[in-house]
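Engineer: Provided below for reference: sequence and predicted model.
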Amino acid sequence: MENWTIPEVAPDLEFRRSLELQAKIEGGATIYEELRRISPDTAAQIPPTNIRRIVRALEVYRAVGSRPSTKPRKGQPPFEPFFIGLTMERIRLYEAINTRVDNMIQLGFVDEVRRLIAEGYGPELPAMSSVGYGEVTGYLEGRTSLTTAVERIKTRTHRFARHQYAWFRLGDKRINWHDTAESPALAFDQVRIFLNRTKAST
């Protein structure tokens, strides 16, 4: 939607592993300071605890030989986008999240994670550290109870929902916000108006 320019740098798995090992042994602050030395602007945009992004930034720098922040980031999209955002009162949102997590567990989420691990998808994979998978893996490895794992999934999902309100701000004039309690016909009408206007201008 914002025509981001992504550096075409292939993963360097050996370099990644060396940085991840360094962060594990010496602490993440060591590689974060290296990034700050190379590109303070890039480091300022990455939390010091986000090892994955720090490693990727250093990986890009190593490949292109220049500061990651000097690369083009975003531009005008090649089309006219139309944004619709859905919002919900916070208490109702958390209740919906809790119900969804409980349903996931009842429908076999634990067995799904167990099957993935048995097929060789270990907890070191990025996808297996996403919300839900990491917590259930901890339960399957005996590091926590299922009750605790479920509560942690709910808490992390609540946090993720709050972050969405930071990424997509209610004050963003580009976004046509709709409360989920209202009729979806209002959003459909906006889409129809936008499509008709776009069609008329082409």
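Structural biologist: In hand now; what should we look at?

Engineer: going by C-alpha atoms from here, please, whenever you check contacts or count neighbours.
Structural biologist: Fine.

Engineer: helices and strands around whichever helix in the chain runs longest, which ones?
Structural biologist: Counting residues, the longest helix found in the chain (DSSP state H) is helix 146-167. With contacts taken as 3 or more C-alpha pairs under 8 Å, 6 or more residues apart in numbering; DSSP states H and E, helix 146-167 sits against helix 90-106, helix 133-140.

Engineer: dump those to a markdown table, plus distance to residue 127, mean pLDDT and mean neighbour count.
Structural biologist: Converted to a markdown table, those look like this (distance: least, C-alpha to C-alpha, whole Å; pLDDT from 0 to 100; neighbours: other C-alpha atoms under 10 Å):
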| stretch | distance to residue 127 | mean pLDDT | mean neighbour count |
| --- | --- | --- | --- |
| helix 90-106 | 17 | 97 | 14 |
| helix 133-140 | 8 | 95 | 21 |
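
Engineer: so which of those helices comes closest to residue 191?
Structural biologist: helix 90-106 (24.8 Å; C-alpha to C-alpha).

Engineer: and the helix or strand following that closest one, which residues are buried?
Structural biologist: Per DSSP states H and E, the first helix or strand lying C-terminal to helix 90-106 is helix 109-118. By neighbour count on 16 or more other C-alpha atoms under 10 Å, the buried set for helix 109-118 is 109, 110, 113, 114.

Engineer: give me the contact list for helix 109-118.
Structural biologist: 122, 123, 133, 136, 137, 140 (C-alpha atoms under 8 Å, 6 or more residues apart in numbering).

Engineer: out of the residues you listed, which is nearest to residue 175?
Structural biologist: Proximity of these to residue 175 (C-alpha to C-alpha) peaks at residue 133, which lies at 31.5 Å.

Engineer: OK, contacts around that closest one?
Structural biologist: Shown in contact with residue 133 (C-alpha under 8 Å, 6+ apart): 113, 127.

Engineer: how much space between it and residue 94?
Structural biologist: Distance, residue 133 to residue 94, by C-alpha to C-alpha, to the nearest Å: 20 Å.

Engineer: next: residue 110.
Structural biologist: Separation of residue 110 from residue 94 (C-alpha to C-alpha): 22 Å.

Engineer: what does residue 61 give?
Structural biologist: As judged by C-alpha to C-alpha, residue 61 and residue 94 stand 40 Å apart.

Engineer: how about the secondary structure of residue 85?
Structural biologist: Of the three states, residue 85 takes strand under DSSP: H, G, I helix; E, B strand; the rest coil.

Engineer: apart from its neighbours in sequence, what residue is nearest it?
Structural biologist: Spatial nearest neighbour of residue 85, chain neighbours left out: residue 177 (4.6 Å); criterion: C-alpha to C-alpha, 6 or more residues apart in numbering.

Engineer: what pairs with the helix or strand containing the one you found, and is each one parallel or antiparallel?
Structural biologist: Using DSSP H and E, residue 177 sits within strand 175-179. Within its sheet, strand 175-179 is paired with strand 83-87 (parallel), according to DSSP bridges.

Engineer: buried ones in the partner strand?
Structural biologist: So for strand 83-87, nothing qualifies as buried (16+ other C-alpha under 10 Å).
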